[in-house]
Every structure is written in structure tokens, then in C-alpha cells.
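S.K.: Build me a structure from this.
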Amino acid sequence: MRKILLAATAVACLALAGCNDSSSGDDSGNKPPEKLPSATATSGGETPGTAPEGAALALGTPARTVGARTVGILEITPTTVVHTGKSGGVTSKYGTFVVVTMREKSLSANPAEEEKPAAGGWKWLAPDGQTTVAGNGNSAQVSLGAYNSHGEIQPGDTQPRATVFDLTLAQARGGSAVYTDGTKAPFRWEIPAKDSGPDVADVRRQLNP
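M.R.: Predicted coordinates for the structure are as follows:
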């Protein structure tokens, strides 16, 4: 009796396997390709493109990004944030400048540079989900001396850089800096609501020489 049951079970399993194989073969040409997870994506609860999902990176955490025009690898490490209503003779239009400085290193054999604002670059994500492009308001007039570098970074080199936002006090509290690289992948860092990081004193000197 046991032999009969085992034989019947084996026949049933073979029949089921045959059905499964046939079904996979029929559907393989019709199934859309599986979507691979990106470095960060958009939040299901927000309008696509406004709020990258997942936990934000902490200030001081590096991220490997793809350079503009998908050339080179750029490691970006935001290190310091300074909040100020005025820089030299320039006053914030909306309430406060948020200055985020960073170290950027080219990790590939080719020079790499940040993606341009038109294709990605830096944005501020406020707690309510609103985004603001860097250089808005009067922030483009802020001069940062040693942090004013632009353009390509040569292989193996590291440069100090900065991005500046002109924000309301409500936008600045609890917000994030978001960088979108050459592959359209967003990277998000949580920015403290008060001056933080190892270079605060130096950044303040650069803001008010």
C-alpha cells in the first residue's frame, strides 16, 4: 500500500512540475522585467520625485554617486551645516541661508563632476515635502571662498564644496539635502536645525571674511 501511495505522489508531483514549467515558459515573454531597487527611490506617500524614501543619511556619511553625463564616480560627504540670516552684505530673502559644505572625491579613472541643476544636482526637502533648488532666492550671491570650487575633480583628488539654500525658518527645521546624480538616483542627508559639523568656525569665517 505504501508503494502505491508513493508512486501516486510521485506522479502527481511530476504532473505539477510539468504544469509549472509550461506556465513559466508561456509567460516569460509577456512578463515585464523586474524592477531593481535604486540607491534611493521616491516615497509611495509623496508625489514621485519629491521625497526619496528610506532612512536619510546622517551628516558626515559618504555616498558614492555617478558623475554628470554618467562619467566617473564621485564620493560626496556632507560634513558641516551653518544657518545664517546674512553673509557679508547679502541678506536672506526668505529668512535664513542654510549652507551645507562637503568633501567630494573622484574615485574613478576619469574626472567626475556634480550633475547640473537642470538634470539633477542639489535640492532641499522641507518637512512638509516641498522641494527647493539650491541657489534660490539670494543664495546664489553667497560667497564661500575656499568652498567655491566648481567643475571636474581629477581622479583621486578631493575638494571642499558647498551648496546654499535660501529658506523660511519652517523649511529649514528638520529638512534634508537631496542630491540627484548622473543616473537620476537621489541621495538624501538629514540636516540638523542648528550649526553642526567640524568646520562650522571655518565656514562662518568664509561667510563673513
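S.K.: Model confidence for the most centrally placed residue in the chain, exactly?
M.R.: The centre of the chain sits closest to Phe187, judged by C-alpha atoms, centre = their mean, with a distance of 1.3 Å. For Phe187, the pLDDT comes out at 97.
S.K.: Now do the helices in the chain.
M.R.: Using DSSP state H, the helices of the chain run over 2-27, 169-172, 200-207.
S.K.: ok, back up a step: which residue is the nearest non-sequential neighbour of the residue nearest to the centre of the chain?
M.R.: In space, and not counting its chain neighbours, Phe187 is closest to Ala63: 4.5 Å by C-beta to C-beta, 6 or more residues apart in numbering. For glycine as for every other residue, the C-beta is placed from the backbone atoms N, C-alpha and C.
S.K.: gap between Pro62 and Thr158?
M.R.: 11 Å (C-beta to C-beta, to the nearest Å).
S.K.: Please say which of those two ends up with more neighbours.
M.R.: Pro62 (16 against 12; other C-beta atoms under 10 Å).
S.K.: dump the residue contacts of the more buried one.
M.R.: For Pro62, the contacting residues are 75-77, by C-beta atoms under 8 Å, 6 or more residues apart in numbering.
S.K.: Now rank those residues by neighbours and give me the top one.
M.R.: Neighbour counts for these were taken using other C-beta under 10 Å; the highest belongs to Ile76, with 21 neighbours.
S.K.: unless I'm mixing things up, that residue is touching Met102, no?
M.R.: Yes. Taking C-beta atoms under 8 Å as the definition, Ile76 is a contact partner of Met102 at 5.7 Å.
S.K.: The residue nearest to Phe187: neighbouring residues, count only.
M.R.: For Ala63, the neighbour count with other C-beta under 10 Å is 18.
S.K.: Next up, the contacts around it.
M.R.: For Ala63, counting by C-beta under 8 Å, 6+ apart, the contacting residues are 39, 57, 75-77, 179, 187.
S.K.: is it possible to export those residues to TSV including distance to Ala140?
M.R.: Output for these, formatted as TSV (distance: C-beta to C-beta, whole Å):
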residue	distance to Ala140
Ala39	28
Leu57	26
Glu75	26
Ile76	20
Thr77	23
Tyr179	18
Phe187	23
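S.K.: In the residues you listed, find the pair that's most separated.
M.R.: Ala39 and Thr77 (15.3 Å; C-beta to C-beta).
S.K.: Give me the pLDDT value at the residue lying closest to Asp166 once chain neighbours are set aside.
M.R.: Among residues not flanking Asp166 along the chain, Gly137 sits closest, at 2.8 Å (C-beta to C-beta, 6+ apart). pLDDT, Gly137: 98.
S.K.: Begin at 54 from now on, thanks
M.R.: All right, first residue 54 from here; so that's Gly190.
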